[in-house]
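*Asks:* The following block contains a protein sequence and its predicted model.
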Amino acid sequence: MNFGLTEEQRMVQKMVRDFSQKEVAPIIQEYDRKQEMAPFILPRMGELGILGICIPEKYSGAGMDYISLGLACEELEAVDTTLRVVMSVHTGLCSMTLWQWGSEEQKQKFLVPLARGDKIGAGAFTEPGAGSDFANIQTTGKRDGEDYILNGEKMWISLASNADYALVTVRTQKDTGKSSGELTSFIVDLSTPGVTRGDIHGKLGVRAGSTGWINFQDVRVPVANRIGEEGEGFKVTMSAFDNGRYTVAAGATGLIRAALEASVNYANERKAFGKPIAQHQLIQSKIAHMALNYEAAQLLYLKAGWMKNEGQRNTKETSAAKWFATEKSFEAANEAIQIHGAYGFSDEYNVERYLRNARGAVIYEGSNEIQQLIQASYALGERQDKALRMEMPAYEE
Ligand SMILES: Cc1cc2nc3c(=O)[nH]c(=O)nc-3n(C[C@H](O)[C@H](O)[C@H](O)COP(=O)(O)OP(=O)(O)OC[C@H]3O[C@@H](n4cnc5c(N)ncnc54)[C@H](O)[C@@H]3O)c2cc1C
């Protein structure tokens, strides 16, 4: 067992840390207040190769491994969750699913521009009436010659207003008795006539990024854009979550680290009862919990990343990493506010933004109630992963 990072992984970590700490940290509060994404973020992440970090060079990606993807997400979310959300949806949900399930032609047409950052991707699964109960989605796709015609609405979609393409899962068959077998996935060009979209305003967190809705009214999508077979959409979407959740786990680990660092700095400076509050044992207890949870969250995602590198199925490990890291990141941000006292209640310090941002990750990419059900079903022996028709490729140097 080797717990060390390779030279290459350290380089990625440093490059992403430099980008987020030097270029984004100084301006993020302003954009969080404005509730807008800073316009340079997506082009710059593309230019640095972050958007296609783990996509093979053959498809114009940076050709790094899955652990590098996790390290990048940790560094991004240590500055702001909206940066990591980009990786979750553009890279995790959209690009990596195309890489796993797409045909060679689809990879050349869609994955190459996504990996380069020339095009931006999203993953559109949730609907106004169906989130956790995903098999119950109502957007339809009706076959008409060489097209499918899509009708319905997707809701709470990250990067809805930035994306060029979206991986979209819809219902293509009715009443077969097995609702998960009635779904099919497509890569949809969002400039197609009949697509309308917009942002949701008044969000608690991820304010420096887009979360929105996408409406499909008689949208013609060529059969050539179908990802996987008809009826395979549930499996395609669950594969997408195995990658999206991994980025969420790694990112939430970065948020724990940021809350810890802010707490240590403040606790060493702030004095109460004649000494720095860092010398009060109840404050030390909060800091000790953050430090331990950071280590544990990092080990969980690195193990999942290692399994991905080896080409091993990691649904269970990725779900556990997501559940633990997101729960502990919310806890760390909350305790960081407590350590900052009244100052933590103001946006003069970052910790209030950490708390608002950490809240969403407990809900999205499968709420933590759903992660608990997944863990219980493995533990009770009710669930075993079957081989997929298209497996996620192992890392090849
Ligand atoms: C900031 C943000 C970004 C998002 N980005 C995307 C995106 O890019 N793409 C996308 O498709 N979706 C996205 N989502 C949507 C997200 O995935 C859903 O919100 C999530 O799956 C939960 O669905 P829901 O909100 O409909 O809640 P519901 O499914 O209605 O659940 C409500 C509550 O009931 C609980 N619950 C449901 N079923 C059970 C059960 N069986 N047992 C116990 N408890 C249960 C849930 O855990 C939750 O607490 C995003 C959401 C947010 C907040």
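*Replies:* Yep, that arrived. Numbers count the residues shown, from 1 in each chain.

*Asks:* remind me which residues of this protein are low pLDDT?
*Replies:* The model of the chain has pLDDT under 70 over residues 175-179.

*Asks:* other SSEs contacting the host helix or strand of Gly152?
*Replies:* Per DSSP states H and E, Gly152 falls inside strand 147-158. Counting contacts by 3 or more C-beta pairs under 8 Å, 6 or more residues apart in numbering; DSSP states H and E, strand 147-158 packs against strand 121-124, strand 140-144, strand 165-171, strand 183-189, strand 211-222. No exception for glycine: its C-beta is placed from N, CA and C like everyone else's.

*Asks:* Could you look over the ones you listed and pick the most buried one?
*Replies:* With neighbours defined as mean count of other C-beta atoms under 10 Å, those peak in mean count at strand 121-124, which reaches a mean of 30.

*Asks:* dump the residue contacts of Gly141.
*Replies:* Tyr148, Ile149, Leu150, Val170, Arg171, Thr172, Thr184, Phe186, Val221 (C-beta atoms under 8 Å, 6 or more residues apart in numbering).

*Asks:* just curious, which of those is nearest to the ligand?
*Replies:* Nearest to the ligand among those, counting by C-beta to the nearest ligand atom, is Val170 at 12.1 Å.

*Asks:* ok now do that closest one, which residues does it touch?
*Replies:* Contacts of Val170 (C-beta under 8 Å, 6+ apart): Ile137, Thr139, Thr140, Gly141, Tyr148, Leu150, Gly152, Leu183, Thr184, Ser185, Phe186, Gly233.

*Asks:* do you know how far it is from Thr140?
*Replies:* Relative to Thr140, Val170 is positioned 6 Å away (criterion: C-beta to C-beta, to the nearest Å).

*Asks:* Residues that sit against both of the two, list them.
*Replies:* The contact sets of Val170 and Thr140 overlap at Leu150, Gly152 (C-beta under 8 Å, 6+ apart).

*Asks:* what does stretch 388-397 rub up against?
*Replies:* With C-beta under 8 Å, 6+ apart, stretch 388-397 has contacts from 54, 56, 65-66, 96, 99-101, 228-229, 232, 235, 239, 242-243, 308-311, 313.

*Asks:* what do you get if the cut-off is 7 Å, keeping everything else the same?
*Replies:* Surrounding stretch 388-397, the residues in contact under the criterion C-beta atoms under 7 Å, 6 or more residues apart in numbering are Asp65, Tyr66, Trp99, Gln100, Trp101, Lys235, Ser239, Lys308, Asn309, Glu310, Gly311.

*Asks:* Now do it: distance from first to last residue.
*Replies:* The first residue of stretch 388-397 is 24 Å away from its last residue (C-alpha to C-alpha, to the nearest Å).

*Asks:* Next, the buried residues of that stretch.
*Replies:* Across stretch 388-397, burial judged by 16 or more other C-beta atoms under 10 Å covers Leu388, Met390, Met392, Tyr395.

*Asks:* From Phe19, how far out is the first one?
*Replies:* If I follow you right, that is Leu388. Separation of Leu388 from Phe19 (C-beta to C-beta): 34 Å.

*Asks:* rewinding a little: identify, from the contacts of Gly141, the entry nearest to Gly70.
*Replies:* Using C-beta to C-beta, Phe186 comes nearest to Gly70 of those, at 28.3 Å.

*Asks:* what about Phe241, which SS state?
*Replies:* Under DSSP: H, G, I helix; E, B strand; the rest coil, Phe241 falls in the helix class.

*Asks:* ok, the residue located most distally from the centre of the chain - contacts?
*Replies:* What lies farthest from the middle of the chain is Gly274; by C-alpha atoms, centre = their mean that is 44.1 Å. With contact set as C-beta under 7 Å, 6+ apart, Gly274 has no partners.

*Asks:* quick one, phi psi at Arg313?
*Replies:* When read as degrees, to the nearest 10, the backbone of Arg313 gives phi -60, psi 130.
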